[in-house]
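1. Structure for the following, please:
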Amino acid sequence: QVQLVESGGGLVQAGGSLRLSCAASGHTFSSSVMGWFRQAPGKEREFVATINWSGGGTLYADSVKGRFTISRDNAKNTVYLQMNSLKHEDTAVYYCNADKRPFAPVMTMLDYENYYWGQGTQVTVSS
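-> Numbers count the residues shown, from 1 in each chain. Below you'll find the predicted structure:
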């Protein structure tokens, strides 16, 4: 059974940093795109960042570009999201995902059919 388990969320002051981790089990995702989405209260789930299978290609939402960095460790089957200079508007539940298809291109669209999803981790930024 495939599982994606996020960790590292919490409460932080504006301007602070957090590092999210997403550990996958039940399947090796070293050939798959992985990424992060977030959902704030009352809003739709939105794209944050994604990384290709090798780690050599990344995409970011404009709202986090320059502040967030996505990375992966294929040996650990884990994807990370380093979040710096956090703002109140970054408050949300953060979800990681992993493509079921090997060597698919990175994408920013919400896709429940072709991706596995974690249960999410809460990030709260106090202003």
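
2. which is the next helix or strand following the strand or helix carrying L11?
-> Per DSSP states H and E: L11 is located in strand 10-13. From strand 10-13 onward toward the C-terminus, using DSSP H and E, the following helix or strand is strand 18-25.

3. buried ones in that next one?
-> Neighbour counts over strand 18-25 (16 or more other Cβ atoms under 10 Å) mark 18, 20-24 as buried. In short, each C-beta sits where N, CA and C put it, glycine included.

4. what do you get for stretch 115-122?
-> Neighbour counts using 16+ other Cβ under 10 Å place 115-118, 120-121 of stretch 115-122 among the buried residues.

5. Touching the strand holding L11 from outside, list them.
-> With Cβ atoms under 8 Å, 6 or more residues apart in numbering as the test, strand 10-13 has contacts from 18, 86, 122-126.

6. on that earlier part again, TSV for the buried residues of stretch 115-122, including pLDDT?
-> Output for the buried residues of stretch 115-122, formatted as TSV (pLDDT from 0 to 100):
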residue	pLDDT
Y115	96
Y116	97
W117	98
G118	98
G120	98
T121	98
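
7. Reformat these into JSON lines and put secondary structure and distance to S32 next to each item.
-> Formatted as JSON lines, the buried residues of stretch 115-122 follow (DSSP: H, G, I helix; E, B strand; the rest coil; distance: Cβ to Cβ, whole Å):
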{"residue": "Y115", "secondary structure": "strand", "distance to S32": "9"}
{"residue": "Y116", "secondary structure": "strand", "distance to S32": "9"}
{"residue": "W117", "secondary structure": "strand", "distance to S32": "13"}
{"residue": "G118", "secondary structure": "coil", "distance to S32": "14"}
{"residue": "G120", "secondary structure": "coil", "distance to S32": "20"}
{"residue": "T121", "secondary structure": "strand", "distance to S32": "20"}
